[in-house]
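Engineer: Sequence unavailable; structure follows:
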């Protein structure tokens, strides 16, 4: 009696069983996967004050969201040197909802969208829930992770409707380059595909790139959707507000905005208090971003220093995660379950993000510094056996 879209394995895996049992017994856990900034020890002294706006008591529905909130998003992009019209912005309850709205707009059930591999598994679930198939194209590692553009071209089929990119990618931390942008736009133009870019981690640069990272915002050659939100930009996932920025050829944009207005008007899910608070949250984002960037860089340095030949940290240009490659030959599942069981360390195995082969671990650099240092000390001892 239930939808076939929910026909995927829901049984807990071995790692989850171990961690749940330790929590039930009250045993210590060193969580090197922590990605919730509200549990990571940062200061949020002024975030709640912005919700006290008296205007929030009046409901003023609009499919694209309140104008002054959209103007605040446009100002955020203007600070990054990108000209975005508030008329091309749609506010949503989250970046996840933004994905769902865009998939509804672009693809019929049974059609396909292409996502990078490795990438965050949430994209797969969002597509499944919309009845859309997921195809993939590879990222390759050299001196950093790069899109395999020949692999992308080969992955396109007659059912493909859009190419999804994440910049910086989660978890590899790789930004798009200007060459990537040109190739992606050219590929989408040749195959009449939309381009969907998730830029939620864009502000979190870990290294000093010689060339600034490239954004797809304001792309004019193909129909393009930029997704982002306050959960990462201001580290406020509990406030539940994201956005879509649309650009592209005028004729396609005019048609697409009519349909997207209809879809968004059906849900009207962006919270009124959050919309009124959005300008203040965006203006105040710099303080929390500085705290987070300091944490990310300190943890990345600690992870690199602790390696001692037991692993290497693959280059990450931005984002909240680090990818570790180890050479012991032990299966990822066996390694992470044994570390969880013996040491209480929780680490993501690479297969969770669909890495191309065994030998990868993913850690959150958002983890409190002392906890990460202790975790990687135990990890080094385990991998150095």
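Structural biologist: Nice, I can see it. The model shown is predicted, which means the values in this text are computed figures rather than measured ones. Numbers count the residues shown, from 1 in each chain.

Engineer: So, low pLDDT: which residues of this structure?
Structural biologist: Along the chain, the parts satisfying pLDDT under 70 run over 8-10, 209-211, 385.

Engineer: mind listing the helices for it?
Structural biologist: 14-25, 67-79, 95-106, 122-129, 149-155, 178-191, 230-233, 250-267, 272-283, 285-306, 332-343, 369-383 (DSSP state H).

Engineer: okay if I get these as CSV plus mean neighbour count and distance to residue 224?
Structural biologist: C-beta here means a position set from N, CA and C on the backbone, and glycine is covered the same way. Output for these, formatted as CSV (neighbours: other Cβ atoms under 10 Å; distance: least, Cβ to Cβ, whole Å):
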stretch, mean neighbour count, distance to residue 224
helix 14-25, 14, 37
helix 67-79, 18, 13
helix 95-106, 22, 11
helix 122-129, 18, 17
helix 149-155, 16, 16
helix 178-191, 16, 8
helix 230-233, 24, 19
helix 250-267, 14, 9
helix 272-283, 21, 22
helix 285-306, 17, 24
helix 332-343, 18, 35
helix 369-383, 19, 37
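
Engineer: care to break this protein down by domain?
Structural biologist: Annotated domains of the chain cover 11-43+286-383, 48-283 [automatic domain parsing].

Engineer: wait, which of these is closest to residue 3?
Structural biologist: Residue 3 lies closest, by Cβ to Cβ, to one member of these: domain 48-283, at 8.6 Å.

Engineer: First-to-last residue distance for that closest one?
Structural biologist: Terminal residues of domain 48-283 are spaced 14 Å apart (Cα to Cα, to the nearest Å).

Engineer: Look through this structure and tell me its longest strand.
Structural biologist: Ranked by residue count, the top strand of the chain under DSSP state E comes out as strand 133-142.

Engineer: Could you list every helix and strand in contact with that one?
Structural biologist: Judged by 3 or more Cβ pairs under 8 Å, 6 or more residues apart in numbering; DSSP states H and E, the packing partners of strand 133-142 are strand 112-117, helix 122-129, strand 144-147, helix 149-155.

Engineer: before we move on, the earlier item: which one of the domains of the chain lies closest to residue 1?
Structural biologist: Comparison of these against residue 1 by Cβ to Cβ identifies domain 48-283 as nearest, at 17.4 Å.

Engineer: coming back round to it: list the pairing partners of the longest strand of the chain within its sheet, with orientation.
Structural biologist: Applying DSSP bridges to the sheet, strand 133-142 is found paired with strand 112-117 (parallel), strand 144-147 (antiparallel).

Engineer: Would you tell me which of these gets closest to residue 132?
Structural biologist: Residue 132 sits nearest to strand 112-117 of all the strands paired with strand 133-142, at 5.9 Å, using Cβ to Cβ.

Engineer: quick one: contacts of that closest one?
Structural biologist: Defining contact as Cβ atoms under 8 Å, 6 or more residues apart in numbering, one finds that strand 112-117 is touched by 103, 106-107, 123-124, 127, 132-139, 147, 152, 155-157, 159-166, 169, 196, 354-356.

Engineer: Repeat that for stretch 147-163.
Structural biologist: Stretch 147-163 is touched from outside by 102-103, 106-107, 110-114, 116, 133, 135-140, 165, 176, 180, 183-184, 187-188, 191, 193-196, with contacts defined as Cβ under 8 Å, 6+ apart.

Engineer: Show the end-to-end separation of it, please.
Structural biologist: Counting by Cα to Cα, you get 12 Å between the two ends of stretch 147-163.

Engineer: Could you give the separation of that stretch from the chain centroid?
Structural biologist: Stretch 147-163 sits 20 Å away from the centroid of its parent chain (Cα atoms, centre = their mean, to the nearest Å).

Engineer: can you pull the buried residues of stretch 203-216?
Structural biologist: For stretch 203-216, the neighbour count (16 or more other Cβ atoms under 10 Å) marks 203, 204, 205, 206, 213, 214, 215, 216 as buried.

Engineer: Disregarding flanking residues, what is the spatial nearest neighbour of residue 317?
Structural biologist: residue 175 (5.0 Å; Cβ to Cβ, 6 or more residues apart in numbering).

Engineer: Any idea how many residues pack against that neighbour?
Structural biologist: 26 (other Cβ atoms under 10 Å).

Engineer: Tell me who's in contact with it.
Structural biologist: Residues counted as contacts of residue 175 (Cβ under 8 Å, 6+ apart) are 167, 168, 205, 209, 213, 214, 317, 318.

Engineer: What of residue 127?
Structural biologist: Residue 127 is in contact with 103, 113, 115, 133, 134, counting by Cβ under 8 Å, 6+ apart.

Engineer: Closest one of those residues to residue 279?
Structural biologist: The nearest member of the contacts of residue 127 to residue 279, counting by Cβ to Cβ, is residue 103 at 28.7 Å.

Engineer: So the closest one sits against residue 132, correct?
Structural biologist: Yes: with contact defined as Cβ atoms under 8 Å, residue 103 reaches residue 132; the gap is 5.6 Å.

Engineer: picking up where we left off before, of all the helices of the chain, which one is nearest residue 85?
Structural biologist: Once those are compared by Cβ to Cβ, helix 67-79 is nearest, at 6.7 Å.

Engineer: Tell me what angle that closest one forms with helix 272-283.
Structural biologist: Here helix 67-79 runs at an angle of 20 degrees relative to helix 272-283 (axes from the mean of the first three to the mean of the last three Cα atoms, to 10 degrees).

Engineer: quick one on the thing from earlier: rebuild the contacts of residue 127 as TSV, extending it with distance to residue 22.
Structural biologist: What follows is the contacts of residue 127, written out as TSV (distance: Cβ to Cβ, whole Å):
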residue	distance to residue 22
103	37
113	38
115	33
133	37
134	33
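
Engineer: Who wins on neighbours among those residues?
Structural biologist: residue 113 (27 neighbours).
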